[in-house]
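Participant: Give me the fold of what follows.
(chains A and B)
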Amino acid sequence: MEVSYLLFILMLAVFLGFELINKVPATLHTPLMSGANAISGITVVGAIALAGSGEQDLAQWFGAGAVALASVNVVGGYLVTDRMLGFFKKKEG
Amino acid sequence: MDINLLIQLGYVVAAGLFVLGLKMLGSPDTARKGNGISAVGMLLAIVAALLDQGIVQYEFILGGMIVGGAIGAVAARSVAMTSMPELVALFNGVGGAASGLVGVSALSIATGNFQYVTIILSILIGGVTFTGSLIAYGKLSEMIGSGAITFAGQKFVNGLIVLGILYSAVMFITTPSDPTWLYAVVGLSLLFGVMVVIPIGGADMPVVISLLNSYSGLAACAAGFAVDNNVLIVAGSLVGASGIILTQIMCKAMNRSLSNVLFSGFASVSTAVTEVEGEIKPISVEDAYYVLEAATNVAIIPGYGMAVAQAQHVVKELMELLEANGCEVNYGIHPVAGRMPGHMNVLLAEADVPYDQLLEMDEINPRMESVDVAIVIGANDVVNPAAREVESSPIYGMPVINVSDARTVFVLKRSMASGFAGIENPLFYKDNARMLFGDAKESIGGLVREFS
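Facilitator: From the prediction side, this is the model:
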């Protein structure tokens, strides 16, 4: 893909990110952080292609390592965020 | 339909779901659903990635997913809410390491200088995030001392490391066939991560965690450039932006610049001696009970000490008793109370305190004058009036919760030792302040027993 095109996407995503996160109230900052953590596990998508290439041995092992680490983030991040958000309740009545 | 187009469409929808999920995190009512939507996006992205026809071998992928997923699931289920900062620090580090590894292994498919540069970037950011987070974890869990570690010539050593990284990066890009320089970048990045976090003290951890959170996203973003993948760039930069905003909020709440937080360990700490007039007035649990029993408006200001004493559940019990006694109870939460952004809110939510009673600093301060009793639990610097009154104080100008405006202030404290910042707190000497010495959990437990 063309470099300029990728940079274009980067710029838009950064601005969108700022807009979105600015609206998150302080009370949710910890879940926001662990939820963001889970999203940063997206690197698993890049790792999958590399781990499955079936070519160079070392690259494949590194890829598999990256899949494992990113999976910790994805699974752990979403589960713990869900667990935390489950605690947040409004006053009854 | 063309399978590649299908994959790309999958990524587009996934990115949309991430955005929607983050948007729903904007309110406690929709946050849980938002997190679920974001998770669906992730699942979709992973399925799309698995459809890639370049994949000829699935054993490595599945092996990695099973091992990593199991570790993540166990960690998420078993962690205590008081240890959330440690867990998030570890997850940051793991994410950074994953992106760094993607960078290393993308070497096998790299074709041009642009990709070599992005590989270097993902290794550099990923490596720094990894070891930096491990040090942050060590400090948070007190496995290593939480204080700032400094030594003579630290700046010089760091400068050398930066030069070394730059030199190795340039050498690698000019001779990419020789991976030795790449490994040098890996090693130096890991070392640099350690060096940048060791001089930062425990009380500044909210800033460090936020910053490392941002880095873990930026590392994924750089990896996205290295493997030419849009969804990595979008998701990575969303996380990067999120971490940067939290970092800003934390810095603002401490009235310090980011560079001051990152490098203040280097500056010789000025030990300004503030003359404090007045005397410490201890109070017994029994006397404290009589005051609380007559109160109609109570504000509770928690700090890291509440987490250490695991006092959140007994605090909630006291709150219920006070409310049954016809008293209004609110909580005042300072942005940097605890060891990560929102740390106190999660602890109190776990103890079943409704989130609409958790007020931010700007909400609680104007109400403070009508508060009968402000109970400070394990907080120190965030309620220090020196920030408003003593110009020579190191924390002068930092926004604090003005507990001294309340009619009476109870300060629950283990002993008279000063806070992490090592700053004398004139609050304890104010006429309306009463010290309730002892373990916070036991003191509040004592109050609960007096009520019932």
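Participant: burial measure for residue A:91, as a count.
Facilitator: The burial count assigned to residue A:91 is 9, neighbours taken as other CB atoms under 10 Å in any protein chain shown. Just so you know, the C-beta spots here come from the backbone N, C-alpha and C atoms, and that holds for glycine as well.
Participant: Would you indicate which residues of the helix or strand of chain B with the lowest mean pLDDT are buried?
Facilitator: Taking mean pLDDT, DSSP states H and E as the measure, chain B has helix B:258-263 as its least confident helix or strand, at a mean of 80. Buried residues in helix B:258-263, counted by 16 or more other CB atoms under 10 Å in any protein chain shown: B:261-263.
Participant: now stretch A:45-58
Facilitator: For stretch A:45-58, a neighbour-count test (16+ other CB under 10 Å) marks A:45-53 as buried.
Participant: Contacting chain B as well, which ones from those residues?
Facilitator: When the buried residues of stretch A:45-58 are checked against chain B using CB under 8 Å from any CB of the partner chain, the ones in range are A:45-53.
Participant: Pick the one among those residues closest to chain B.
Facilitator: Closest to chain B out of those is residue A:52 (3.4 Å), distances taken as CB to the nearest CB.
Participant: list the contacts for the nearest residue to the closest one once chain neighbours are set aside?
Facilitator: Nearest residue to residue A:52 in three dimensions, chain neighbours excluded: residue B:55, at 3.4 Å (CB to CB, 6 or more residues apart in numbering or on different chains). Each residue near residue B:55 by CB atoms under 8 Å, 6 or more residues apart in numbering or on different chains is listed here: A:48-49, A:52-54, B:61.
Participant: hang on, residue B:55 is in a helix, isn't it?
Facilitator: No. Counting by DSSP: H, G, I helix; E, B strand; the rest coil, one finds residue B:55 to be coil, located in no helix.
Participant: Taking the centroid of chain A, which residue is nearest it?
Facilitator: In chain A, the residue lying closest to the centroid (CA atoms, centre = their mean) is residue A:39, at 1.6 Å.
Participant: Quickly note the distance from that one to residue B:35.
Facilitator: Applying CB to CB, to the nearest Å, the value for residue A:39 to residue B:35 is 10 Å.
Participant: What number of residues are in the vicinity of residue B:137?
Facilitator: 22.
Participant: which stretches of chain A form helices?
Facilitator: Ranges of helices in chain A, per DSSP state H, are A:3-22, A:29-40, A:43-51, A:57-71, A:77-85.
Participant: check which helix or strand covers the nearest residue to residue B:358 once chain neighbours are set aside.
Facilitator: Leaving out its chain neighbours, the residue that sits closest to residue B:358 by CB to CB, 6+ apart is residue B:331, at 4.9 Å. Secondary structure assignment for residue B:331, by DSSP states H and E: strand B:328-333.
Participant: C-terminal to that strand, which secondary structure element comes first?
Facilitator: Note on strand B:328-333: by DSSP H and E, the next helix or strand toward the C-terminus is helix B:343-350.
Participant: Which neighbouring elements make contact with that next one?
Facilitator: Packed against helix B:343-350, as judged by 3 or more CB pairs under 8 Å, 6 or more residues apart in numbering or on different chains; DSSP states H and E, are the following elements: helix A:29-40, helix A:77-85, helix B:84-105, strand B:297-302, helix B:304-309, helix B:312-324, strand B:328-333, strand B:358-360.
Participant: neighbours of the residue nearest to residue B:358, just the number please.
Facilitator: Residues within reach of residue B:331, counting by other CB under 10 Å, total 23.
Participant: re earlier: so can I have CSV of the helices of chain A showing mean pLDDT?
Facilitator: Compiled in CSV, those are given as follows (pLDDT from 0 to 100):
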stretch, mean pLDDT
helix A:3-22, 90
helix A:29-40, 94
helix A:43-51, 92
helix A:57-71, 90
helix A:77-85, 96
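Participant: okay, the ones you listed in JSON lines with distance to residue B:290 next?
Facilitator: Written out in JSON lines, the entries for these read as follows (distance: least, CB to CB, whole Å):
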{"stretch": "helix A:3-22", "distance to residue B:290": "45"}
{"stretch": "helix A:29-40", "distance to residue B:290": "36"}
{"stretch": "helix A:43-51", "distance to residue B:290": "58"}
{"stretch": "helix A:57-71", "distance to residue B:290": "56"}
{"stretch": "helix A:77-85", "distance to residue B:290": "37"}
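Participant: Let me know the closest of the buried residues of stretch A:45-58 to residue B:106.
Facilitator: Residue B:106 has its nearest neighbour among those in residue A:50, at 6.5 Å by CB to CB.
Participant: didn't that closest one look like it was pressed against residue B:105?
Facilitator: Yes. When contacts are counted by CB atoms under 8 Å, residue A:50 is listed as touching residue B:105 (4.6 Å).
Participant: so what's in contact with these two at the same time?
Facilitator: Common neighbours of residue A:50 and residue B:105 (criterion: CB under 8 Å, 6+ apart): A:59-60, A:62-63, A:66.
Participant: tell me, which of these make contact with chain B?
Facilitator: When contact is defined as CB under 8 Å from any CB, those meet chain B at A:59-60, A:62-63, A:66.
Participant: Which parts of chain B are strands?
Facilitator: In chain B, strands defined by DSSP state E lie at B:297-302, B:328-333, B:358-360, B:373-377, B:408-413, B:433-437, listed in chain order.
Participant: Of those, flag the one that's most buried.
Facilitator: Each of those was assessed for mean neighbour count using mean count of other CB atoms under 10 Å in any protein chain shown. The highest is strand B:373-377, with a mean of 29.
Participant: Just the residues contacting that strand, thanks.
Facilitator: Applying CB under 8 Å, 6+ apart, the external contacts of strand B:373-377 come out as B:291-292, B:295, B:297-303, B:305-306, B:309, B:311, B:315, B:332, B:368, B:383, B:403, B:406-412, B:427, B:440, B:444.
Participant: returning to that earlier point: which of the contacts of residue B:55 lies closest to residue B:217?
Facilitator: Distance ranking of the contacts of residue B:55 against residue B:217, using CB to CB, places residue A:48 first at 18.9 Å.
Participant: I'd assumed residue B:10 was in contact with residue B:48.
Facilitator: Yes. The criterion here is CB under 8 Å, and residue B:48 meets it with residue B:10 at 3.1 Å.
Participant: Low-confidence stretches in the stretch 251-400 of chain B?
Facilitator: Applying pLDDT under 70 to the stretch 251-400 of chain B flags residues B:264-277.
Participant: try 80
Facilitator: Where the stretch 251-400 of chain B drops to pLDDT under 80, the residues are B:261-278, B:392-394.
Participant: Would you mind listing what in it touches chain A?
Facilitator: Taking CB under 8 Å from any CB as the criterion, the contact residues of the stretch 251-400 of chain B with chain A come out as B:333, B:335, B:340-343, B:345-346, B:349-350, B:352, B:354-358, B:360.
Participant: Could I have the ChimeraX command that selects the buried members from these?
Facilitator: A single ChimeraX command selects the buried members of those (16+ other CB under 10 Å):
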select /B:333,335,340,341,342,343,345,346,349,350,355,357,358,360
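Participant: I'd like the helices and strands packed on helix B:343-350 laid out as JSON lines, including distance to residue B:210.
Facilitator: Listed next are the helices and strands packed on helix B:343-350 as JSON lines, based on distance: least, CB to CB, whole Å:
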{"stretch": "helix A:29-40", "distance to residue B:210": "7"}
{"stretch": "helix A:77-85", "distance to residue B:210": "16"}
{"stretch": "helix B:84-105", "distance to residue B:210": "10"}
{"stretch": "strand B:297-302", "distance to residue B:210": "20"}
{"stretch": "helix B:304-309", "distance to residue B:210": "16"}
{"stretch": "helix B:312-324", "distance to residue B:210": "23"}
{"stretch": "strand B:328-333", "distance to residue B:210": "16"}
{"stretch": "strand B:358-360", "distance to residue B:210": "17"}
